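Participant: Show me how the following folds:
(2 chains)
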Amino acid sequence: MLQYIVKRFLMMIITLLIIVTLTFILMHSVPGSPFNEERGTNATIQANLEAHYHLDEPLYVQYFIYLKSIVTFDFGPSIKQPTSSVNDLLSRGFPISLELGLVSITVAIISGILLGIIAALRHNGMIDYIAMTIAVLGISIPNFILATQLIQTFAVYFKILPAATWSSPMHMILPTLALATGPMAIIARLTRSSMLEVLTQDYIKMAKAKGLSPVKIVFKHALKNALMPVVTILGTLLAGILTGTFVLEQIFAIPGMGKYFVESINTRDYPVIMGTTVFYSAFLILMLFLVDVVYGLLDPRIKLHTKEGES
Amino acid sequence: MEKILNVKDLHVSFKTYGGEVQAVRGVDFHLEKGETLAIVGESGCGKSVTSNSIMRLIPSPPGKITKGSISYRGQDLTQATEKQMRKIRGLDISMIFQDPMTALNPTLTIGSQLIEGLLQHKPVSKKEAKLKALRMMDLVGIPNPEERMKQYPHQFSGGMRQRIVIAMALICDPDLLIADEPTTALDVTIQAQILELFERIQEKTGVSIILITHDLGVVAKIADRIAVMYAGKIIEVGTKREIFYNPQHPYTQGLLKSVPRLDLREDTLIPIEGTPPDLFAPPEGCPFTARCPFAMEVCDKIYPFHSKLTATHNVECWLQDERGKRVAASAIASK
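Facilitator: Take a look at the predicted model:
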């Protein structure tokens, strides 16, 4: 197990290095720089600014300066907001984004699994059709459309929920709904189909033959097996939620990390672009690792460590 | 002898898009305490449906018990509610399935699967349940049970898994054990061990066994009585001796002849020609008519009456009708 974790961590570092390199190349191949707005800045000042941020150095020097800043967890100051460092932006924005993301994925997992189970147990019944119609709608409607529709309905028309910002639990409802619906729909469909398959297995019949109650059969015997495919796509869903926060934080004016991320690209704020990208990537890679660990916990046949000559 | 199970005129059918499949069409049999009844027949003859009906485990819909009664210790199981059935399943009547590779839940430990039935039915603590589970594992012959309890099904071989399944079925000391093809998925050397295990357990616990199988070798080893099923009906029933040495129904005779034998020099198998009838529209007369070498005109039109040959030997065949001329069975067989 320990060996496996060490191996995975090495792989994670390599992945991160590739992401950093690619982002760096992409960032610098986009025309423009943080300073060449149509402001007519004096050439000397421009040169001084560039020297201050090492932008006049050759690219490979900038690259190594950058790698050093990652290793030391010091992403430097933001170019556009000189009063705060990238670390400040991250520590301000990340808790909010994390909260939005975690609440959404929790809501998506719980409601998706429940919806899937109910649909599977009432296979081809009215409830099944209703649940699957909701699921298809949830998959088809992009979250930004859903978000504006939700604001229009609940904030503008009925005036029962706030339209924007992130200050109380009431404020969380609409962004969470908008962000969670898509993943919920995917989880519901997947749970339903794998549940239907598991329910025909011999061990379910065996559990029935033991005289167990339907609740025990579903939750103790069927669910754990039915959740395997759900756990598999959880990694992808997490990535989806993550990118979803970029868009939704803009729509709902939530001061999370996604907002800084999008802004930094528009203004070529190099340190912020790199800082947020590295942070997001590291977070996602860590989450994917956790998903793999959960996989091993759910199914004892999957071993996380492999020895030579053992399957 | 006490009759613990009495099945009368059982009809089970399945509604499908193609129509209604009459899988079981009037089955009568009984089971005495401590005896082993084997139900034999080819695939699709309704033997598994019959056994699942006793446990009320046929998927419904589409399956339905349309007629008849199953009386277990005086209670008609066809009329029991689902809640009453849950109390009977596992506690009074247990079941063993064909494939031990799929009958165990891959994500739960053997121990937790063993004790959950006991915890469900009896007021015992987890510790007592565990002790009982250890005793059961010992009874079915699993070495170091303590350690094995914590393992998962994939860490066991096929034969070991079937032993676990048997231990699981017997943990509440049921009166009746239904074994649906318990050795079919195992290889031959393991089969013999499992059959011996059945005999030993029956000796120790006095459990009655209904053994569903298509393998006459299995039957010869452990059955007391044999019921031969064909196209949803029991066409002949008798003691092991009567069925093996004095089979009266042409189907039973064909079945016995088709068993490959090591002591004869012939190297060809003797099959029963033809296929069983379509159970969407079963024939009015005897369903074996089309394949029967002795078929008469009456066979095709009217289903034969029940003929009692001895107190234990019954057959449903016009050849054995009481009103007909008695012909020695050997004379028929030699034709």
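
Participant: Now residue A:213: closest residue in space that isn't a chain neighbour?
Facilitator: With Cβ to Cβ, 6 or more residues apart in numbering or on different chains as the criterion, residue A:213 has its nearest non-adjacent residue at 6.7 Å, and that residue is residue B:86. Quick note: C-beta positions are derived from backbone N, CA and C, even for glycine.

Participant: Please state the offset of the one helix or strand that neighbour maps to from the chain centre?
Facilitator: Here residue B:86 is covered by helix B:82-88, with elements defined by DSSP states H and E. Between the centre of helix B:82-88 and the centre of its chain there are 21 Å (Cα atoms, centre = their mean, to the nearest Å).

Participant: thought residue B:30 was touching residue B:69?
Facilitator: No: if you go by Cβ atoms under 8 Å, residue B:30 and residue B:69 don't touch, sitting 11.8 Å apart.

Participant: Now do the shared contacts for the two.
Facilitator: B:6-7 (Cβ atoms under 8 Å, 6 or more residues apart in numbering or on different chains).

Participant: Show me what counts as buried in the helix holding residue B:86.
Facilitator: B:85-86, B:88 (16 or more other Cβ atoms under 10 Å in any protein chain shown).

Participant: List just the nearest of the residues you listed to residue A:56.
Facilitator: Nearest to residue A:56 among the buried residues of helix B:82-88: residue B:86, at 79.6 Å, using Cβ to Cβ.

Participant: tell me the average confidence for stretch B:316-330?
Facilitator: Mean per-residue pLDDT for stretch B:316-330: 71.

Participant: and which of the buried residues of helix B:82-88 is nearest to chain A?
Facilitator: residue B:86 (4.8 Å; Cβ to the nearest Cβ).

Participant: List the contacts of the helix holding residue B:86.
Facilitator: For helix B:82-88, using Cβ under 8 Å, 6+ apart, the contacting residues are A:211-213, B:55-56, B:72, B:75, B:77, B:80, B:121.

Participant: Any of these buried? List them.
Facilitator: For those, a burial check counting by 16+ other Cβ under 10 Å picks out A:211-212, B:55-56, B:72, B:77, B:80, B:121.

Participant: Please identify which pair of those residues lies farthest apart.
Facilitator: Among the buried ones among the contacts of helix B:82-88, the pair separated by the greatest distance (Cβ to Cβ) is A:212 and B:72, at 19.7 Å.

Participant: Could you list everything residue B:178 pairs with in the sheet?
Facilitator: Applying DSSP bridges to residue B:178 gives these bridge partners: residue B:95, residue B:210.

Participant: Now do the same contact list for it.
Facilitator: Residues near residue B:178 by Cβ under 8 Å, 6+ apart: B:51, B:54-55, B:93-96, B:209-210, B:212.

Participant: Local confidence estimate at it?
Facilitator: pLDDT at residue B:178 comes out at 92.

Participant: And it, how far from residue B:208?
Facilitator: 10 Å (Cβ to Cβ, to the nearest Å).

Participant: Could you pull up the contacting residues of residue A:139?
Facilitator: By Cβ under 8 Å, 6+ apart, the contact list for residue A:139 reads A:182, A:185-186, A:189.

Participant: Name the helix or strand for it, please.
Facilitator: Per DSSP H and E: helix A:126-140 holds residue A:139.

Participant: Would you mark the buried spots in that helix?
Facilitator: A:128, A:131-132, A:134-135, A:138-139.

Participant: same question, stretch A:289-308
Facilitator: A:291-292, A:295, A:298-300.

Participant: and what of stretch B:273-280?
Facilitator: Within stretch B:273-280, the residues that qualify as buried are B:276-277, B:279, counting by 16+ other Cβ under 10 Å.

Participant: re earlier: which of the buried ones among the contacts of helix B:82-88 lies closest to residue B:241?
Facilitator: Proximity to residue B:241 was ranked across these by Cβ to Cβ; first place goes to residue B:72, at 27.7 Å.

Participant: Report pLDDT for the residue nearest to residue B:28 when sequence neighbours are not counted.
Facilitator: If the residues on either side of it in the chain are set aside, residue B:28 comes closest to residue B:8, at 5.6 Å by Cβ to Cβ, 6+ apart. At residue B:8, the predicted lDDT confidence score is 89.

Participant: beta partners for residue B:8?
Facilitator: Beta-bridge partners for residue B:8, by DSSP bridges, are residue B:69.

Participant: Can you name every helix or strand that the longest helix anywhere in chain A contacts?
Facilitator: Scanning chain A for the longest helix, with DSSP state H as the assignment, gives helix A:86-121. With contacts taken as 3 or more Cβ pairs under 8 Å, 6 or more residues apart in numbering or on different chains; DSSP states H and E, helix A:86-121 sits against helix A:126-140, helix A:169-199, helix A:223-226, helix A:228-251, helix A:257-266, helix A:270-298.

Participant: what about the nearest residue to residue B:275 once chain neighbours are set aside, how many neighbours?
Facilitator: Leaving aside its chain neighbours, residue B:275 sits nearest to residue B:291 (7.9 Å; criterion: Cβ to Cβ, 6+ apart). By the measure other Cβ atoms under 10 Å in any protein chain shown, the count of residues near residue B:291 is 17.

Participant: just checking, residue B:291 touches residue B:271?
Facilitator: No: using Cβ under 8 Å, residue B:291 is not in contact with residue B:271; the gap is 10.2 Å.

Participant: ok, back up a step: the residue nearest to residue B:275: what's it in contact with?
Facilitator: Neighbours of residue B:291 in contact, by Cβ under 8 Å, 6+ apart: B:251, B:254, B:272-276.

Participant: Looking at these, spot the one nearest residue A:33.
Facilitator: Of those, the one sitting nearest to residue A:33 (Cβ to Cβ) turns out to be residue B:275, at 82.5 Å.

Participant: does the closest one count as helix, strand or coil?
Facilitator: coil (DSSP: H, G, I helix; E, B strand; the rest coil).

Participant: Next one: it from residue B:295, what distance?
Facilitator: For residue B:275 relative to residue B:295 (Cβ to Cβ), the value is 15 Å.

Participant: Good, we can wrap up now.
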